[in-house]
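Colleague: Whatever this is, show me its structure:
(chains A, B, C and D)
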Number of protein chains: 2
Amino acid sequence: MAISEAEAVIMEVLWRSSPRSAEDILAEVGPQQEWQEGTVKSLLNRLLKKKAVKAERDGRRYLYAPRLPREQYVSQESKGLLDRLFGGRVAPLVAHFSEQRKLSKKDIAELKKLLEELDDEQP
Amino acid sequence: MAISEAEAVIMEVLWRSSPRSAEDILAEVGPQQEWQEGTVKSLLNRLLKKKAVKAERDGRRYLYAPRLPREQYVSQESKGLLDRLFGGRVAPLVAHFSEQRKLSKKDIAELKKLLEELDDEQP
DNA sequence: GTCGTTCGTTTACGTCTGTAATCATCAATT
DNA sequence: AATTGATGATTACAGACGTAAACGAACGAC
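Modeller: Numbering: from 1, shown residues only, chains lettered A, B, ... in the order given. The predicted structure is shown next:
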């Protein structure tokens, strides 16, 4: 089942560092999200049900950790967008960002480097 | 308000060609989606409420057309993903697809061309 | 041993989504 | 004029989502 936006916020915290307690997660996420404790608990339970995280007992409480790797999540999401909006092709996506002036100098330099490396790989 | 996935299917049809009637839309979208007429009507009404499409009377019925430009929708969606998953930077996004072997020969060629043109623009 | 504190579990509730069924309206047909 | 067919509008309903409050169990402080 799909991971919702609010759930993804929790996942990002866990991907940054895990395992960690619910309290701990709230502490990191609470300020920006203005979530109550119950909210974080609910989200964690939904993520457990979806098998996106696992929980390991630690005395009184649980420590939570991702079960779904970030890389896999990123892939799904990215591929979804690419297919839906750009016919599954990467070049039009980059062209889009280019038109929107969303390519920084740094991006451009990195992209060039990346493309050169690709040439080296497949001569 | 955000456009949902099912709604986006309707929008794509309208972006391809508009204005067009509900029946017409159903004809194009029905086969793949296996939607009933009522479903399409509901989605159109929600899109009207969200001001994403407009309807112009044509005798008995309406002809629908996008009000939200595709470019704007694509921008929102793309930027959202970029920010959420790649820290708002394009190069890591492309690197990701590269790692996933999602870069076709054609993509690579086009990207190179694109980057060269960017150089020309800002000498 | 009782009481508050701390966790997790269960329940709640309004909104959004996907997917329609039903109702109302009006034009064409009999 | 009454009926039928097309079309849009209203209503429905289950499941997901965002956001929590309420409940319950257990551990530590008295």
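
Colleague: Could I get the full set of strands for chain A?
Modeller: All strands of chain A, identified by DSSP state E, fall at A:53-58, A:61-66.

Colleague: could you dump those to a markdown table with distance to DNA strand D, mean pLDDT and mean neighbour count?
Modeller: C-beta: built from backbone N, CA, C; applies to glycine. What follows is the strands of chain A, written out as a markdown table (distance: least, C-beta to the nearest atom of the strand, whole Å; pLDDT from 0 to 100; neighbours: other C-beta atoms under 10 Å in any protein chain shown):
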| stretch | distance to DNA strand D | mean pLDDT | mean neighbour count |
| --- | --- | --- | --- |
| strand A:53-58 | 10 | 93 | 14 |
| strand A:61-66 | 10 | 95 | 18 |
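
Colleague: Looking at the ones you listed, which is nearest to DNA strand C?
Modeller: With distances scored as C-beta to the nearest atom of the strand, the stretch of the strands of chain A nearest to DNA strand C is strand A:61-66 (3.1 Å).

Colleague: Which residues does the closest one contact?
Modeller: A:11, A:14-15, A:18-23, A:25, A:44, A:52-57 (C-beta atoms under 8 Å, 6 or more residues apart in numbering or on different chains).

Colleague: Check stretch A:96-105 too.
Modeller: Against stretch A:96-105 from outside (C-beta under 8 Å, 6+ apart): A:86, A:94, A:111, B:74-75, B:78-79, B:82, B:89-90, B:114, B:118.

Colleague: try stretch A:44-60
Modeller: Stretch A:44-60 has contacts (C-beta under 8 Å, 6+ apart) with A:1, A:3-4, A:7, A:10-11, A:14, A:19, A:21-22, A:25, A:62-68.

Colleague: what about it, near DNA strand C?
Modeller: Yes - counting by C-beta under 7 Å from any atom of the strand, DNA strand C is contacted by stretch A:44-60 at A:45, A:60.

Colleague: gap between that stretch and the chain center?
Modeller: 18 Å (C-alpha atoms, centre = their mean, to the nearest Å).

Colleague: With stretch A:60-79 instead?
Modeller: Averaging C-alpha positions (C-alpha atoms, centre = their mean) puts stretch A:60-79 8 Å from its chain's average.

Colleague: What's the end-to-end length of that stretch?
Modeller: 40 Å (C-alpha to C-alpha, to the nearest Å).

Colleague: got the contact list for residue A:118?
Modeller: Neighbours of residue A:118 in contact, by C-beta under 8 Å, 6+ apart: B:98, B:103, B:108.

Colleague: how does it look with 10 Å?
Modeller: Going by C-beta atoms under 10 Å, 6 or more residues apart in numbering or on different chains, residue A:118 touches B:98, B:103, B:107-108, B:111-112.

Colleague: Can I get the buried part of these as one ChimeraX selection?
Modeller: To isolate the buried ones among those in ChimeraX, judged by 16 or more other C-beta atoms under 10 Å in any protein chain shown, type:
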select /B:98,103,107,108,111,112
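
Colleague: what does chain A put close to DNA strand C?
Modeller: Contacts of chain A with DNA strand C, taken as C-beta under 7 Å from any atom of the strand, map to A:21-23, A:38, A:41-42, A:45, A:60-62.
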